[in-house]
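Novice: next input, structure requested:
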Amino acid sequence: MSICTEADCDIVQIAALYGNKMLSRYVWPLKDIHWKASEVNKITVNRENGVMYFKGTRVEHVDQRRAMTDFVEFVQQVPGKVILVAHNGRRFDFPRYRLR
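Specialist: All right, here's what the predicted structure looks like:
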């Protein structure tokens, strides 16, 4: 089992909202989700079955590339400036949004 450190954890959900349009993707992590992170985000995975859960309910998920592609395509449809907002964004989310 590979447990990530804060510096290399994966984003496990990405969402965007513009007017009445919404994008929400659960993202299959490359590494196991630390139990402390699961306590906060309520997301768990079962690698043996390839299943992802939010609050104990199975959710559909995509890989990281698909999630970022969907996010970029969604943002490109928004006219004008886009402002990204995230809880703990500067330290956690924003460094991970750089496309690899």
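Novice: which positions in stretch 9-23 come out as buried?
Specialist: Buried residues in stretch 9-23, counted by 16 or more other C-beta atoms under 10 Å: 9, 11-14, 16, 23. Bear in mind the C-beta positions are built from the backbone N, C-alpha and C, glycine included.
Novice: which ones are touching G56?
Specialist: Contacts for G56 were tallied using C-beta atoms under 8 Å, 6 or more residues apart in numbering; they are T44.
Novice: would you mind measuring from the residue of the chain positioned farthest from its centre to F71?
Specialist: Within the chain, the residue lying farthest from the chain centre (C-alpha atoms, centre = their mean) is G80, at 24.3 Å. Using C-beta to C-beta, to the nearest Å, G80 is found at 17 Å from F71.
Novice: the residue nearest the centre of the chain bridge partners, please.
Specialist: Nearest to the geometric centre of the chain sits Q13, at 2.3 Å (C-alpha atoms, centre = their mean). When bridges are called by DSSP bridges, Q13 pairs up with Y26.
Novice: for it, what are its contacts?
Specialist: Taking C-beta under 8 Å, 6+ apart, one finds 24-27, 41, 43, 54 in contact with Q13.
Novice: let's have these in TSV, adding neighbour count.
Specialist: Below are those laid out as TSV (neighbours: other C-beta atoms under 10 Å):
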residue	neighbour count
S24	12
R25	23
Y26	19
V27	21
N41	13
I43	19
F54	15
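Novice: related to what we said a few turns ago, just read off the phi/psi values of the residue farthest from the centre of the chain.
Specialist: For G80, the backbone dihedrals (degrees, to the nearest 10) come out as phi 80, psi -160.
Novice: repeat that for K42.
Specialist: Main-chain dihedrals, K42, degrees, to the nearest 10: phi 60, psi 20.
Novice: pretty sure it is touching M52, no?
Specialist: No - checked against C-beta atoms under 8 Å, the pair K42 and M52 is beyond contact range at 11.4 Å.
Novice: out of the two, which sits in the more crowded spot?
Specialist: Neighbours per residue (other C-beta atoms under 10 Å) separate K42 from M52, with M52 holding more: 23 against 13.
Novice: quick check: the residue nearest to the centre of the chain vs P79, distance?
Specialist: When Q13 is compared with P79 (using C-beta to C-beta), they lie 25 Å apart.
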